[in-house]
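> Sequence plus predicted model, see below.
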Amino acid sequence: KLWNLNPFFFFCGDGDSLVDFRGNLIKEYLELGYEVYAIAPYIKQLNKKKLVEWNVKLRIINFQRKSLNPISSARSFVELYKNINSIAPDIIFSYTHKPVIFGALAGYLCRVKKIVSLITGTGHIFDSYNFITKLKRFIGLTGFKLALLASTHVIFQNKDDKKLFLDLKLSSLDKSFVVNGSGVDLDHFQIESFPEKLTFLCLARLIESKGL
């Protein structure tokens, strides 16, 4: 085990995902001897209790992951910067779009040694079917370009997303890596039986950008 390491910093837009999707990763770094901090805008009490039991230091900030309001976004960025600066982590790990952009840029300004950005998908940022979505696309891609330039490692969950980001020159090949998804922890998510009269199953969100 590597003891006396500087803090490891997780930043996301949904505090519950720290337990539901990053729980095992967090535990790995705790076992390595890192002091783990997690910052999110909200979290259920049950998941908050779990993080406390794991000895994760949780901080709640005002952050709206889907908002383009420049005033609230600026306030969130300053609050995030202050937290990172006070913690002085060795590594910052951010995931999902807006947290990646904010986390990488704030980490760069705070001179964090390793800035890891996880791209969990393309999502709405690549929609362009009206003026609003085109504006969001422009802002998002500009933010990504700056954030991934500041990142030391960019992780993708499939080869297509990696190729897209490389083709758009949002990331460079030498810092881009592909992992086999996030996985599903069957100790955390229990298997349920199918209903007796199942006629159709769709494992996707019902949103226009998915074609549904």
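Received the coordinates, thanks.
> Just give me the longest helix of the protein.
The residue-count maximum for a helix in the chain (DSSP state H) belongs to helix 131-150.
> quick one: that helix to chain centroid distance?
Counting by Cα atoms, centre = their mean, to the nearest Å, helix 131-150 is centred 16 Å from the centre of its parent chain.
> Wasn't residue 201 part of a helix?
No. Applying DSSP: H, G, I helix; E, B strand; the rest coil, one finds residue 201 to be coil, outside a helix.
> State the distance from it to residue 195.
10 Å (Cβ to Cβ, to the nearest Å). No exception for glycine: its C-beta is placed from N, CA and C like everyone else's.
> The residue most central in space within the chain: what's its closest spatial neighbour, skipping adjacent residues?
Central residue of the chain (Cα atoms, centre = their mean): residue 95, 1.2 Å from the mean position. In space, and not counting its chain neighbours, residue 95 is closest to residue 118: 3.8 Å by Cβ to Cβ, 6 or more residues apart in numbering.
> Now the one you found: phi and psi?
phi -100, psi 120 (degrees, to the nearest 10).
> can you pull up the bridge partners for it?
As for beta bridges, residue 118 partners with residue 95, residue 155 under DSSP bridges.
> in stretch 84-91, what's buried?
By neighbour count on 16 or more other Cβ atoms under 10 Å, the buried set for stretch 84-91 is 84, 87, 89, 91.
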